[in-house]
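>>> I would like to see how this sequence folds:
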Amino acid sequence: MPDFLYEDGLVARGFAKVAGVDEAGRGPLAGPVAAAAVILPRIFSCPLLDDSKKLSKKKRDLLYEEITTHPEVVWAVALVEADEIDRINILRATHRAMGLALDALKIRPDIALIDGLPVKGLSMPHEALVKGDGLSLSIAAASVIAKVTRDRIMEMISKEFPLYGFERHQGYGTREHLEALKNHGPCRYHRRSFQPVSQLSLPI
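The predicted structure follows:
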C-alpha cells in the first residue's frame, strides 16, 4: 500500500512541501486527459487509499470526497481537451495537464513527485516515480482525483452523445465503443489523431 516514505525522503532533503501528481485518460479514444496535483498533510490517514485502478468506482467516489473535503489537503485538477490532444499529441497534452494542475495549487510546492517518467517543461523541480500511484500516498490521492474527475466528465458527455456509451467505458476502445464508432462515426469529443478514429475520415 502507498505511504509517505518517498515524501518523507524529499522533506529530509529540504523540500518542505511535496505535491503528488498523476493523470487519467491517456489511452481512451475520446474525452480529455486529466491530471491532478495534491499536497497532503502528514496527519492525513486513509488506509483504503491506493492506486485508483485497483479501486472500485464506489471506493474511488468515497475517497474523492474524503480527500477533496479535508480542510488541510491542497489539491487542483486540470484538463486538456481532445482537440488540443490532436494538435500537440497525447504525451505533450498529459505533461501540459500536469503542469497546469501544479500551477493551479493555492500553495506552491517545493517539489513535485510524479507518477511515471520525468516531465519536460515543469515550472518547478520534480522527481518521477514509476508505478508511483501504488507507492506514494500523495500520488495515489492525485490518481483518485484525476480518475473520478474524468469519469464524471465522460458521464456528462454521454448525456450529450448517448449512442456511444461513454458512461460505461469512459472513451476506451471497448467492443461496444468501436461498434458505435463504425455505426455513427466520431463525435466532437473523439480524438481524431487516435486509431481507429483517424481511419474513419468522417466529418465532425
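>>> Determine how far the helix ranked longest in the chain lies from the middle of the whole chain.
Scanning the chain for the longest helix, with DSSP state H as the assignment, gives helix 137-160. Computed by CA atoms, centre = their mean, to the nearest Å, the separation of helix 137-160 from the middle of its chain amounts to 7 Å.
>>> helices or strands up against that helix?
Judged by 3 or more CB pairs under 8 Å, 6 or more residues apart in numbering; DSSP states H and E, helix 137-160 is in contact with strand 18-24, strand 33-39, helix 57-68, strand 74-80, strand 111-115, helix 166-169. Any C-beta I mention is one placed from the backbone N, CA and C, and that applies to glycine too.
>>> Return the most buried member of those.
Mean neighbour count (mean count of other CB atoms under 10 Å) peaks for strand 33-39 among the helices and strands packed on helix 137-160, with a mean of 30.
>>> Show me what that one is packed against.
Against strand 33-39 (3+ CB pairs under 8 Å, 6+ apart) you get strand 18-24, strand 74-80, helix 90-104, helix 137-160.
>>> any idea of the mean pLDDT in it?
For strand 33-39, the mean per-residue pLDDT is 98.
>>> Would you mind listing where the chain has pLDDT under the threshold?
Within the chain, the ranges that satisfy pLDDT under 70 run 201-204.
>>> Swap in 90 and give it another go.
1, 43, 45-48, 51, 53, 120-121, 123, 195-204 (pLDDT under 90).
>>> Could you tell me the end-to-end distance of stretch 7-20?
By CA to CA, to the nearest Å, the extent of stretch 7-20 from end to end equals 9 Å.
>>> Of all the residues in it, which ones are buried?
Residues 7, 10, 11, 15, 17, 18, 19, 20 are the ones in stretch 7-20 that count as buried (16 or more other CB atoms under 10 Å).
>>> Let's have those in JSON lines, adding distance to residue 130.
Output for the buried residues of stretch 7-20, formatted as JSON lines (distance: CB to CB, whole Å):
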{"residue": "7", "distance to residue 130": "16"}
{"residue": "10", "distance to residue 130": "16"}
{"residue": "11", "distance to residue 130": "21"}
{"residue": "15", "distance to residue 130": "20"}
{"residue": "17", "distance to residue 130": "23"}
{"residue": "18", "distance to residue 130": "17"}
{"residue": "19", "distance to residue 130": "18"}
{"residue": "20", "distance to residue 130": "14"}
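>>> Good, wrapping up.
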